[in-house]
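>>> After the sequence you'll find the predicted model.
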Amino acid sequence: MKLYFLSLIGLAGLAFTLPRPSPIEEPFHPPDNSRYPIDYGWAAFTNEVQAENESVADTNTYPFSPDLSPHFLTNTPIIWQVPPNVLPESFWFYRRLPPRPFSTTIISNAVILAHVQDHGFPKPSTNNYNILSDANCCGMRFPIFSIQPAASAISFSTTNRSQTTNDMPDDATIVKRASEYAISFGLDPAQLIQKPIIAECNSSDDDGHTLTNSIYARRIFLSRNIDGISFFNGADNGDGEGISVELGSHGQTRSVDFRWPNLARDKNMPTPPPDVLIGFIRQHKVMVWPIPDEPDFFARIKYLATAKTCLITNATPYYFEGVFGEMPTNDAPSKIISPFVVLDAVADFGTNNVTFQIIASLYK
């Protein structure tokens, strides 16, 4: 069986030196992988998943392949040691309301923040608006400013991104800049959940020598807060709902990604008890969270299955756009915002312990 990896880095994450951009309004659709249940710069799926006919949100879904879950022996204890009150008593499912144009104020603020005033200020519209770079030597053009009303998203990036590591902004500068941008988009920073600041690094220099201290950008993701729960983002790189800001050398704003659809509560469901979630593990309806660049994902799963005891030590709920396990059928954003849980686990082998994480549905 094969394990596929889908990159979420996208065109905005590449560094190019481009000529002066030109505006264009056309149905440009950049990849939107945030609807998948995992977004750590990659997502794992198998070629053996099959669609189911029902789910809590009444959409077609697929189960995880059993090969993505450890097959513990039937007599292997799975012990729930999660502290009480970590999970709420119930979860709301949300539905996405029909898209509407961004306000003139938000559009104007975005244009000014992106420094693309010379292209004019687009009027509020339900049509996509993009400013693309001029064609490079390969004839390729890249979006540097994008308004996507259907996805309730605005994003922009600079065309002259510096890869130097000099004078990187500190935490306070990054948080302050992101909060200012959030206010410009009409958000209250107090209603956002700040995720850990992460760094982008050069792995090698121009001569191929490995670099050990080569941070060229730092990024923060201010997640949308729904009922005190943030949007899942394994790398906190802004693929969820909220605002992501990346700063580079000398505080240069390298990119900004803003996503904020209008939502309404759909249905409320009680949180399943621990024995239900343990049952999902035993039924192989969960997935072990892959480790980036690990040499053999499946070998690790087989090793975990030999544990004498499995301890579940913590449970962290998240929201994401879609239904857990939903297989996207088109390029449209999911109409459902739903919860799921990441379980911290310890495999006890008697002589040593191994920590790992499990991605599990709450209602499957």
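Structure received.
>>> rest of the way, CA atoms for contacts and neighbours
Fine.
>>> what domains does the record give for this structure?
Using automatic domain parsing, the domain parsing of the chain gives 59-95+266-360, 98-260.
>>> I'd like these as a markdown table, with mean pLDDT and mean neighbour count appended.
Rendered in a markdown table, the data for the domains of the chain read as follows (pLDDT from 0 to 100; neighbours: other CA atoms under 10 Å):
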| stretch | mean pLDDT | mean neighbour count |
| --- | --- | --- |
| domain 59-95+266-360 | 89 | 17 |
| domain 98-260 | 85 | 18 |
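>>> Which parts of the stretch 201-350 of the chain are helices?
Here the stretch 201-350 of the chain has its helices, by DSSP state H, counting those that start in this stretch, at 274-282, 297-304.
>>> any chance of those in TSV, with distance to residue 253 too?
Shown next, in TSV, are the helices of the stretch 201-350 of the chain (distance: least, CA to CA, whole Å):
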stretch	distance to residue 253
helix 274-282	42
helix 297-304	36
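>>> Just tell me which of these ends up closest to residue 98.
Smallest distance to residue 98 across the helices of the stretch 201-350 of the chain (CA to CA): 33.7 Å, for helix 274-282.
>>> How far away from the center of its chain is the closest one?
Remark: helix 274-282 is offset 25 Å from the chain centroid, using CA atoms, centre = their mean, to the nearest Å.
>>> How about stretch 67-81?
Centroid separation for stretch 67-81 versus its chain: 28 Å, with CA atoms, centre = their mean.
>>> got a list of contacts for it?
The list of residues contacting stretch 67-81 from outside it, by CA atoms under 8 Å, 6 or more residues apart in numbering, reads 274, 278, 281-282, 284-288, 298, 301-302, 304-314.
>>> hmm, try it at 7 Å
274, 278, 284, 286-288, 301-302, 304-306, 308-313 (CA atoms under 7 Å, 6 or more residues apart in numbering).
>>> Isn't residue 359 up against residue 342?
Yes: with contacts counted by CA atoms under 7 Å, residue 359 reaches residue 342, the gap being 4.7 Å.
>>> Tell me which stretches of the stretch 101-250 of the chain form strands.
Ranges of strands in the stretch 101-250 of the chain, per DSSP state E, counting those that start in this stretch, are 129-132, 143-148, 153-157, 192-194, 198-201, 215-224, 242-248.
>>> Tell me which other helices or strands the second one touches.
In other words, strand 143-148. In terms of contacts (3 or more CA pairs under 7 Å, 6 or more residues apart in numbering; DSSP states H and E), strand 143-148 is packed against strand 129-132, strand 153-157.
>>> now the ones you listed as JSON lines including distance to residue 70?
JSON lines is the format used below for these (distance: least, CA to CA, whole Å):
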{"stretch": "strand 129-132", "distance to residue 70": "45"}
{"stretch": "strand 153-157", "distance to residue 70": "38"}
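>>> Contacts only, for residue 149.
99-102, 126-128.
>>> where's it relative to residue 308, distance?
For residue 149, the distance to residue 308 equals 52 Å [CA to CA, to the nearest Å].
>>> Over to residue 190?
Noted for residue 190: a distance of 45 Å to residue 308, by CA to CA.
>>> what's the answer for residue 345, then?
13 Å.
>>> Same question for residue 158.
Applying CA to CA to residue 158 and residue 308 gives a distance of 52 Å.
>>> Then residue 143?
Counting by CA to CA, the gap from residue 143 to residue 308 is 52 Å.
>>> same deal with residue 168?
Distance of residue 168 to residue 308, given as CA to CA: 47 Å.
>>> And residue 218, by the same measure?
As judged by CA to CA, residue 218 and residue 308 stand 41 Å apart.
>>> Please apply the same query to residue 316.
For residue 316, the distance to residue 308 - CA to CA - is 24 Å.
>>> and what of residue 250?
Distance from residue 250 to residue 308, counting by CA to CA: 52 Å.
>>> pretty sure residue 357 is touching residue 343, no?
Yes: the pair residue 357 / residue 343 is scored as a contact, 5.5 Å apart, by CA under 7 Å.
>>> Spit out the residues that contact those two alike.
With CA under 7 Å, 6+ apart, residue 357 and residue 343 have no common neighbours.
>>> mind checking which of the helices of the stretch 201-350 of the chain is nearest residue 122?
That would be helix 297-304 among the helices of the stretch 201-350 of the chain, by CA to CA, at 47.3 Å.
>>> In CSV, list the C-alpha atoms belonging to the closest one.
Extracted in CSV, the C-alpha atoms of helix 297-304 (Å, rounded to 0.1, in the frame of the first residue of the first chain):
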residue,chain,number,x,y,z
PHE,A,297,5.8,5.4,8.7
PHE,A,298,4.3,1.9,8.5
ALA,A,299,7.2,0.3,10.4
ARG,A,300,6.5,2.6,13.3
ILE,A,301,2.8,1.7,13.3
LYS,A,302,3.7,-2.0,13.4
TYR,A,303,6.1,-1.4,16.2
LEU,A,304,3.5,0.6,18.2
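>>> got the contact list for that helix?
Here helix 297-304 makes contact (CA under 7 Å, 6+ apart) with 69-70, 290, 347.
>>> now do stretch 93-106
For stretch 93-106, contacts defined as CA under 7 Å, 6+ apart pick out 123-126, 149-150, 152, 184-185, 261-268, 335-338.
>>> from the chain's centre, how far out does it sit?
Here stretch 93-106 is found 20 Å from its chain centre; the criterion is CA atoms, centre = their mean.
>>> Can I get it in CSV, CA atoms only?
Provided in CSV are the C-alpha atoms of stretch 93-106 (Å, rounded to 0.1, in the frame of the first residue of the first chain):
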residue,chain,number,x,y,z
PHE,A,93,-21.2,21.7,14.2
TYR,A,94,-21.3,24.8,12.1
ARG,A,95,-22.4,25.5,8.6
ARG,A,96,-20.9,28.0,6.2
LEU,A,97,-23.3,30.7,5.1
PRO,A,98,-23.5,31.8,1.5
PRO,A,99,-20.4,34.0,0.6
ARG,A,100,-20.8,37.7,0.4
PRO,A,101,-18.4,40.4,-0.8
PHE,A,102,-15.8,41.8,1.5
SER,A,103,-16.5,45.4,2.6
THR,A,104,-14.9,48.4,0.9
THR,A,105,-13.0,49.1,4.2
ILE,A,106,-11.5,45.6,4.4
